[in-house]
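> need the 3D shape of this:
(one chain, ligands or ions: 1)
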Amino acid sequence: MNKVAWRYDRISRYYDIFQSLIERVLFSRWRAMLWRYPRGDILEVGVGTGKNIPYYPKVKRLIAIDISEGMLEGAKRKIQMGDGSPILMKADIMNLPFKDESFDCVVSTFVFCSVPDPIKGLEEVYRVLKSIGKMYLLEHVLSENRLIRLWEEVHNPITSRLFGFNVNRDTRRNLKVSGFKVTLDKKMAMKDVFRFFVVQKLRKAQ
Ligand SMILES: C[S@@+](CC[C@H](N)C(=O)[O-])C[C@H]1O[C@@H](n2cnc3c(N)ncnc32)[C@H](O)[C@@H]1O
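Model (predicted):
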């Protein structure tokens, strides 16, 4: 079994409880802000237990994927509670089961910290995004502040082994390496750790 799926299956029942405080204080506000933007055909990658579902806009096609069945069960329950109408699918971000250029927007919130090969995952998002499409991300990333960075590097072996997420991912750099142009990079909290990114595909030279 996939290691990430196994880790998230294991914590899926308690995930919403673990996250409840930070969700109430910070994340819920940020989710409401992010979801004002995506329109058209939307893909959410790493939907988890469906914390974004209450904020989904009413659109014709919204597909949400995750690799963990346990987390997807949580998302299913949120839909049953009456919010939104996405199609939920088990799939791997690093190998998306969609044709090239099939979505207007892709959303991910706190996901690329746990994808084993984040550049491969971002390249897949790049592939399935339309040429004029946009990707919206909320992420915690490697800080440029020396002390915070040191704290992140020291704690990473613990968070990655216990919970399956890395606190030292340089997601801004990974986005650029994967071919994206960063059009918005907003510092949200903890200096430059929590960030909101909006990115677009760089036009390839003809
Ligand atoms: C920290 S949780 C965030 C969940 C949700 N986006 C949120 O905002 O609460 C990360 C999620 O990414 C999923 N994930 C990690 N690697 C993945 C991959 N390669 N393919 C699909 N989902 C993945 C995990 O299963 C987990 O549900």
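
> quick one: low-confidence parts of this structure?
Low-confidence regions of the chain, defined here as pLDDT under 70, cover residues 1, 81-84, 203-206.

> in it, what residue comes closest to the ligand?
Evaluated by C-beta to the nearest ligand atom, the chain has residue 48 as its residue closest to the ligand, separated by 2.4 Å. C-beta coordinates here come from the backbone N, C-alpha and C atoms, glycine included.

> and for that residue, the neighbour number?
Other residues lying near residue 48 total 24 when counted by other C-beta atoms under 10 Å.

> that one and residue 111: what is the separation?
Using C-beta to C-beta, to the nearest Å, we find residue 48 at a distance of 8 Å from residue 111.

> then residue 176?
Following C-beta to C-beta, the distance that separates residue 176 from residue 111 is 18 Å.

> quick one: contacts for residue 141?
Residue 141 sits next to 169, 170, 171, 172, 192, 193, 195 when contact means C-beta atoms under 8 Å, 6 or more residues apart in numbering.

> sorry, back to before: confirm that the residue of the chain closest to the ligand sits in a helix.
No: residue state for residue 48 (DSSP: H, G, I helix; E, B strand; the rest coil) corresponds to coil; a helix is not indicated.

> buried subset of the contacts of residue 141 as a PyMOL selection?
In PyMOL, selecting the buried portion of these, with burial taken from 16 or more other C-beta atoms under 10 Å, looks like this:
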select buried, resi 169+171+172+192+193+195
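
> who's in contact with stretch 181-196?
With C-beta under 8 Å, 6+ apart as the test, stretch 181-196 has contacts from 26, 30, 33-34, 134, 136-141, 143-145, 148, 152, 171-172, 175-176, 197-202.
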